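Asks: Sequence first, then the predicted structure, then my questions.
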Amino acid sequence: MEVSDKYGITPLMVAASKGDTEAIRKLLNAGADINARNNKGRTALMEAAFGGHIEATRELLNAGADIEARDNGSRTVLTYAASSGHTEAIRELLNAEAYVDETDLMFAVRLGDTGAIRVLMNAGVDIEARDNYGGKTALMSAAVRGYTEAIRELLNAGADIEARGNKGRTALMKAALKGHTGAIRVLVNAGADIETRDSDGWTALVFAAGTGHTEAIRELLNAGADIEARGNDGWTALMEAALTGHTEAIRELLNAGADIEAMDNDGWTALVGAAVKGHTEAIIELLNAGADIEAWHYFSETVLMEAVFNEHAEAIRVLVNAGADVNAMDSNGDTAFDQWQSRHQDHPDFQEISNLLRP
């Protein structure tokens, strides 16, 4: 009766996974090992709970199945029920006094299952417990996924809206990073601090800008976010959008009044950032909005020189055609042409770019 396949799966596990109560009863009466484990350490009870089979779960519990057994990954039977969002199976296991820990709540949150979340919270799970992946709370996990109803459920249960993960990021920042506009709205309306900074000094708006989520940018600005808020390095939302090449985000921020000539701690403007990364569409967008093509940063190089240094041929073409000064010199007296000649002789467009840059 304890025969198993190459994965260690027994007939009892198969019956449990299908919710076949009659087969479970027959196998147990014939002497099947109720707590046998497959190669992953899963028991028949785990299979029944994962499938949400209430009668099968009850049958196995009544027959003495180990409710606290853990698989090879240390997951319990309750965790299996929570990870598949089976609220009734969770209740059944809780009624049988299954141990509850934060892992079970995290699994329910990842599914956005408000019923399971509610049941687990009523059972006393720690709502502020952290996971091992960035120190996220259940609320942060819901925000990352944009689960607005789960966010509401957790907030109604008293979740700390300003709790921070390992990098100092809040639920609002995580929602902004992923562009979940609905989640942003719920959190802001619930009182989330829109200007809170993470360990790098970034606000939710900077996160939305850096990932190009235009609707999230608009939502945050409408809620009063400071468009000129700066990180520890002096970066604004516009600079981050330019550095990452998100043209629509750049346009949204400029239309909202972002300072196109704002400088970071090293004197970089948004245009410099776009040139460093070779984002030609972002460069064009910024130039069309009036960005200073001759802006110098503290390392005494122009926007054109940054494009040259980073070997962005198309960005060089755009900047030269837009009127960048090819005669400008850095602190060593070198022009963009000199820099190109000394660094990029192996570039396939070496001669063409040389001709463009020649003073």
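Replies: Here it is on my side, so go on.
Asks: can you pull the buried residues of the strand or helix carrying Glu55?
Replies: For Glu55, the host element (DSSP states H and E) is helix 54-62. By neighbour count with 16 or more other C-beta atoms under 10 Å, helix 54-62 contains the buried residues 54, 56-61. Where you see a C-beta, it was placed from the backbone N, CA and C, and this is true even at glycine.
Asks: Next one: Ile90 from Thr103, what distance?
Replies: Look at Ile90 and Thr103: by C-beta to C-beta, to the nearest Å, they are 13 Å apart.
Asks: any residues in contact with both of those two?
Replies: By C-beta atoms under 8 Å, 6 or more residues apart in numbering, Ile90 and Thr103 have these common neighbours: Ala82.
Asks: list the helices and strands the helix or strand harbouring Asp338 packs on?
Replies: Applying DSSP H and E as the criterion places Asp338 in helix 336-343. On a contact count with 3 or more C-beta pairs under 8 Å, 6 or more residues apart in numbering; DSSP states H and E, helix 336-343 meets helix 303-309, helix 350-357.
Asks: So which of these is nearest Ile117?
Replies: Nearest of those to Ile117, taken as C-beta to C-beta: helix 303-309 at 49.0 Å.
Asks: who touches the closest one?
Replies: Helix 303-309 has contacts (C-beta under 8 Å, 6+ apart) with 269, 271-272, 275-276, 278, 293-295, 301, 315-316, 319-320, 324-326, 328, 330, 336, 339-340, 343-344, 357.
Asks: Can you dump the C-alpha atoms of that helix in PDB for me?
Replies: Taking Å, rounded to 0.1, in the frame of the first residue of the first chain, the C-alpha atoms of helix 303-309 are listed here in PDB:
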ATOM      1  CA  VAL A 303      26.300  67.400 -23.000                       C
ATOM      2  CA  LEU A 304      27.900  66.600 -26.300                       C
ATOM      3  CA  MET A 305      31.100  65.400 -24.600                       C
ATOM      4  CA  GLU A 306      29.100  63.100 -22.400                       C
ATOM      5  CA  ALA A 307      27.500  61.500 -25.500                       C
ATOM      6  CA  VAL A 308      31.000  61.200 -27.000                       C
ATOM      7  CA  PHE A 309      32.600  59.700 -23.900                       C
END
